[in-house]
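Participant: Sequence and predicted structure below; questions after.
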Amino acid sequence: MDPAPSGDGAGSRTLAGLATTLVWPQTPLDVAERLEVLAGTTARTHLAHLLNLVTILLFVPAVAGMHRLLQPHRARAAAIGTGLVAAGLVGWSGVLALGAAELQLAGTLSGGTAVSAVESLPSSPVAIAMTAGFLLGTFSGLVVLTVGLWRAQVVPAWVSAAVGLAVVGDVVGSTITAVVIAVWVLFAVALTAVARARATAPEQRLTAQPSGAGGGHITPGGVGGRVAPPTS
């Protein structure tokens, strides 16, 4: 069965991302102050984490559809872009797990012990790998996929430009609520355009060539698998 159209659920994905942004408590950069805020907003932060996880899951069918749309035109770009996003989503999940660990520490430890424990979390090799995978994989993969779709003349140029702007906005303004909201809107608009392209694209039919000289073959547009006469 074909994956769902690549932008299906763009609205749900955007709502989940926006809800995460609005629900997530604003925390200071200072570790001690951040732990104090987290300790007082435990339920709210748990909800934000769950919404963030939903957002990650909703990216899976979107990327699967983008791969399906791009693969017949630029197979290498489709494979590279999908692989990068997949690695990025794994990294994103890891970063989310680090946030959950920080929240747990805020509720169970106090004082300098909690601060020391939280400060050590991002410096572990796994944490560094997860963060790098999230930042490099997710964003670069989405750019590869949308640029590939544009170069294959499947979507207009503004789609890849919108994704590029969203990536820049998330990197430089991830702590500013208004910027993050704009990022999610850009992603929603771009992926909705990709969804329309997927919905209107002709069905890709496989051409089957049986082994053996002079065998018949199924015509690409054949209804019900009609077999064309053997060719010499």
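Facilitator: Structure received.

Participant: Count the residues that sit near residue 146.
Facilitator: Neighbour count for residue 146, taken as other Cβ atoms under 10 Å: 26. Backbone N, C-alpha and C define where each C-beta goes, glycine included.

Participant: Below-threshold pLDDT in the protein: ranges please.
Facilitator: Low-confidence segments of the chain, defined by pLDDT under 70: 1-19, 21-23, 25, 28, 201-232.

Participant: And the strands in this protein?
Facilitator: Ranges of strands within the chain are 217-218, 227-228, based on DSSP state E.

Participant: quick check: domain ranges of the chain?
Facilitator: Dividing the chain into domains by automatic domain parsing, as the record does, gives the ranges 10-201, 205-232.

Participant: Looking at the ones you listed, which one is packed in the most?
Facilitator: domain 10-201 (a mean of 18; mean count of other Cβ atoms under 10 Å).

Participant: Pull the contacting residues for the nearest residue to residue 190 once chain neighbours are set aside.
Facilitator: Distances taken as Cβ to Cβ, 6 or more residues apart in numbering place residue 162 nearest to residue 190, at 4.1 Å, with adjacent residues excluded. Residues in contact with residue 162 (Cβ atoms under 8 Å, 6 or more residues apart in numbering) are 186-187, 189-190.

Participant: can I get those residues in CSV with distance to residue 111?
Facilitator: Listed next are the contacts of residue 162 as CSV, based on distance: Cβ to Cβ, whole Å:
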residue, distance to residue 111
186, 42
187, 40
189, 47
190, 46
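
Participant: Out of the residues you listed, list just those in helices.
Facilitator: Here DSSP state H is the test, and the contacts of residue 162 give 186-187, 189-190 as lying in helices.

Participant: and which of these is nearest residue 132?
Facilitator: Among the ones in helices among the contacts of residue 162, residue 187 lies closest to residue 132 (Cβ to Cβ), at 21.1 Å.

Participant: Cross-check the contact I'm expecting between that closest one and residue 159.
Facilitator: No: contact criterion Cβ atoms under 8 Å: residue 187 and residue 159 do not qualify, at 10.7 Å.

Participant: Spatially central, which residue of the chain would that be?
Facilitator: Centroid-nearest residue in the chain, with Cα atoms, centre = their mean: residue 59, separated by 4.2 Å.

Participant: ok, now how distant is it from residue 105?
Facilitator: To residue 105, residue 59 is 28 Å away according to Cβ to Cβ, to the nearest Å.

Participant: next one: residue 165
Facilitator: Distance of residue 165 to residue 105, computed by Cβ to Cβ: 36 Å.

Participant: related to what we said a few turns ago, now compare the ones in helices among the contacts of residue 162 and name the two farthest from each other.
Facilitator: Across those, no pair lies farther apart than 187 and 189, at 7.5 Å, counting by Cβ to Cβ.
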